[in-house]
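> No sequence on hand, only this structure:
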């Protein structure tokens, strides 16, 4: 497996950790205040968590997609990695705003 897929997997794991922490904060806020805004953030985090979990499964565990991704063109691997890293930047910014 190339460096690009390793970076993508690390970004996915970081996304999952940040989303779990954000879900905890937003879930606690929703229970305390009951606002639609915090419910929307909680649903958003759950959807992204599911998407990242599925991506980690396909990138790491599933035999067919793992083989397909790891033997694909390097430009495709770089593209997938960049999408995951940009997602991490966005979630990281959202986490910073939430905890500020």
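Arrived safely. Being a predicted model, the structure only gives us computed values, none of them experimental. Numbering: from 1, shown residues only.
> what's around residue 32, how many residues?
Taking other Cβ atoms under 10 Å as the criterion, the count of residues near residue 32 is 9. C-beta: built from backbone N, CA, C; applies to glycine.
> for residue 51, same thing?
Other residues within reach of residue 51 by the criterion other Cβ under 10 Å amount to 14.
> distance of it from residue 65?
Separation of residue 51 from residue 65 (Cβ to Cβ, to the nearest Å) stands at 15 Å.
> What of residue 80?
Counting by Cβ to Cβ, the gap from residue 80 to residue 65 is 11 Å.
> Which one of the two is surrounded by more residues?
The residue with more neighbours, out of residue 80 and residue 65, is residue 80; 19 against 14, by other Cβ under 10 Å.
> Who are the contact partners of that one?
Shown in contact with residue 80 (Cβ atoms under 8 Å, 6 or more residues apart in numbering): 4, 5, 8, 69.
> among these, who's most crowded?
residue 8 (27 neighbours).
> excluding its backbone neighbours, what's nearest that residue?
Spatial nearest neighbour of residue 8, chain neighbours left out: residue 81 (4.1 Å); criterion: Cβ to Cβ, 6 or more residues apart in numbering.
> so what secondary structure elements neighbour the lowest-mean-pLDDT helix or strand in the chain?
One helix or strand of the chain scores below all others by mean pLDDT, DSSP states H and E: helix 63-70, with a mean of 91. Packed against helix 63-70 by the contact rule (3 or more Cβ pairs under 8 Å, 6 or more residues apart in numbering; DSSP states H and E) you find helix 36-60.
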